[in-house]
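Participant: sharing a model prediction with you, sequence too.
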Amino acid sequence: MAGLKLLLWSLIVGLSAYYFYSTDTITPEMVKGKRVIVTGSSTGIGEQIAYRFSEMGAHVMLTARRAKQLQEVAKKCLELGAGSARYVVADMENMTSAQNVAQEAIKQLGGLDYLVLNHLGGTGTFGSFKGDMEPVLSSNKINFLSYIQLTSTALKALLESQGSIIVMSSLSGRIGSPFSATYCAAKFALEGFFSSLRREFIMKKNNVSVTVAILGFIDTENAVKKIGDKVTMSASPKEECAIEIVNAAVLRQPEVFYPYWGIKPLWLLHNLAPNLIRNLLDKMYVQENIS
Ligand SMILES: NC(=O)c1ccc[n+]([C@@H]2O[C@H](COP(=O)([O-])OP(=O)(O)OC[C@H]3O[C@@H](n4cnc5c(N)ncnc54)[C@H](OP(=O)(O)O)[C@@H]3O)[C@@H](O)[C@H]2O)c1
């Protein structure tokens, strides 16, 4: 027991020191004029990431399926100071569409500095697994394969600019969470692919950075609608989430945890005491509200 207490205290002190002394800041000059694609930017975290890049004078290319929402987000990006704001409508379930998005964006922007992979779609991302393969296949295409297709098409431009790839993951991409089998599968696959790619880039010294965002529950309209009454966790603000992600991307950090104190200690403790943390997380699900 004394050993566990000492371990917990060491962890808290270590994390606090890291958190308070390693918070580098970014300036708008670091971002002004940079060319950015943000997928899934018609709403939610993607919309907020687009606003954050716009405030610092970047050229943004938005994409999602709903043209009207994208048009409104683009208008707001310009009001906030974006160098330019364009959008392309596409469904990421179709790999040719994903390829076209990257090609069109690079053509219109004249290159690419940041590829923000954020969209989330498909049915069946939350609920009991009932053995139906359709949602698994659809989620795999939208939430995993299209991320790889976009990266593959944008790779040459990113190598030329020594740019950055930003990938949205989740604690569910590190620790299997209940009622999210297809979602976890896509996020674990993303973590595997992009952590391998990051090592390859480092070994080849080609200076393309990969930032993975490991997120907890964020208060986007869709997430709150989908799981708000099914979990006992409280949701963190999407605006602050976007600030943390863009900071980490500009600073070329390999990963960012948000909310830091809600996620990072759980992840570290999970490596020491996996069953304890899994059981603790299971208790946060309101099973009677989940079909
Ligand atoms: N919110 C959270 O609690 C949370 C927690 C952990 C991780 N994350 C991750 O953060 C990212 C953003 O989450 P969010 O809550 O902001 O999501 P969201 O509000 O549901 O937004 C999803 C975005 O993806 C687009 N999209 C959906 N299906 C698409 C398709 N087939 N093709 C192209 N675009 C499509 C949507 O626009 P259209 O409908 O217009 O296509 C929308 O812009 C996701 O990768 C998610 O896994 C979120």
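Facilitator: Received it, and whenever you're ready, just let me know what you need. Predicted model, so just to flag it, every value in this text is computed and none were measured.

Participant: how many other residues sit next to the closest residue to the ligand within the stretch 51-200 of the chain?
Facilitator: Closest to the ligand within the stretch 51-200 of the chain is Gly121: 2.3 Å, counting by Cβ to the nearest ligand atom. (C-beta placed from N, C-alpha, C; glycine too.) Residues lying near Gly121 (other Cβ atoms under 10 Å) number 18.

Participant: Ile165 too?
Facilitator: For Ile165, the neighbour count with other Cβ under 10 Å is 24.

Participant: for the remainder of this discussion, apply numbering that starts at 4.
Facilitator: Sure, I'll start counting at 4 from here, so that last one is Ile168.

Participant: mind listing what it touches?
Facilitator: For Ile168, the contacting residues are 117-118, 120, 154, 161, 197, 200, 211-214, taking Cβ atoms under 8 Å, 6 or more residues apart in numbering as the criterion.

Participant: got those as a markdown table, with neighbour count and pLDDT columns?
Facilitator: Rendered in a markdown table, the data for the contacts of Ile168 read as follows (neighbours: other Cβ atoms under 10 Å; pLDDT from 0 to 100):
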| residue | neighbour count | pLDDT |
| --- | --- | --- |
| Tyr117 | 26 | 99 |
| Leu118 | 30 | 98 |
| Leu120 | 26 | 99 |
| Thr154 | 20 | 98 |
| Leu161 | 23 | 98 |
| Phe197 | 22 | 98 |
| Leu200 | 17 | 98 |
| Val211 | 21 | 98 |
| Ser212 | 21 | 98 |
| Val213 | 25 | 98 |
| Thr214 | 24 | 98 |
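
Participant: next, format the residues you listed as CSV and append secondary structure and distance to Gly134.
Facilitator: Putting the contacts of Ile168 into CSV (DSSP: H, G, I helix; E, B strand; the rest coil; distance: Cβ to Cβ, whole Å) gives the following:
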residue, secondary structure, distance to Gly134
Tyr117, strand, 39
Leu118, strand, 35
Leu120, strand, 29
Thr154, helix, 31
Leu161, helix, 39
Phe197, helix, 29
Leu200, helix, 33
Val211, coil, 40
Ser212, strand, 40
Val213, strand, 35
Thr214, strand, 36
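
Participant: right, I'll call it a day here.
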